[in-house]
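1. coordinates only, sequence not included:
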């Protein structure tokens, strides 16, 4: 005996004249919207964590810049001393060839090290010493290590070295 309250599959199909509220297309649109929300939340999380990571690494690099400035001042002062001592030697001095070779090596390493530093490119000390090194090296490359630097050129180079030294003392 079958009870009238038991629903069989055939009876359920015939007895369901109404439409269900949630259709498969609505499920897809809801899941697509939630998928977009999840994706945007994931993007926000990744960009936020990348920003925090980058700022922490940049903050850790700031103390190294102070040591780099001290190193720049020290090495620039050494190069200035070599320029002055080399330019002070007479033509017949037996040490002039070694002094010029030492100056060229020091100036090449100084330029190679500091010309890529964007923070230093705008400094007056960098500009002046770079110009002086370029003039001295250019003269010795063109005329040889025993050729004396002409008086006008020598005066201009020494003025550039002096202004670079003053700028270094001011921290510029």
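-> Thanks, I have the structure now. This one's a predicted model, so the numbers in the text were calculated from it and none came from an experiment.

2. list the helices and strands the host helix or strand of residue 166 packs on?
-> Here residue 166, judged by DSSP states H and E, is contained in helix 151-169. The helices and strands touching helix 151-169, judged by 3 or more Cβ pairs under 8 Å, 6 or more residues apart in numbering; DSSP states H and E, are helix 24-87, helix 124-143. (Glycine included, C-beta is placed from N, CA and C.)

3. buried set for that helix?
-> 154, 157, 158, 160, 161, 163, 164, 165, 167, 168 (16 or more other Cβ atoms under 10 Å).

4. Which one of those is nearest to residue 91?
-> Of all those, residue 154 has the smallest distance to residue 91: 12.5 Å, by Cβ to Cβ.

5. right, and that closest one touches residue 87 too?
-> Yes: between residue 154 and residue 87 there is a contact under Cβ atoms under 8 Å: 6.1 Å.

6. Quick check on residue 146: phi, psi?
-> phi -100, psi -10 (degrees, to the nearest 10).

7. Can you point out the buried residues in the helix or strand in which residue 98 is found?
-> Per DSSP H and E: residue 98 is located in helix 96-114. Neighbour-count burial for helix 96-114, counted by 16+ other Cβ under 10 Å, picks out 96, 99, 100, 103, 104, 106, 107, 110, 111, 114.

8. on that earlier part again, pLDDT added to the buried residues of helix 151-169, as JSON lines?
-> Below are the buried residues of helix 151-169 laid out as JSON lines (pLDDT from 0 to 100):
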{"residue": "154", "pLDDT": "91"}
{"residue": "157", "pLDDT": "91"}
{"residue": "158", "pLDDT": "91"}
{"residue": "160", "pLDDT": "91"}
{"residue": "161", "pLDDT": "90"}
{"residue": "163", "pLDDT": "91"}
{"residue": "164", "pLDDT": "89"}
{"residue": "165", "pLDDT": "89"}
{"residue": "167", "pLDDT": "86"}
{"residue": "168", "pLDDT": "86"}
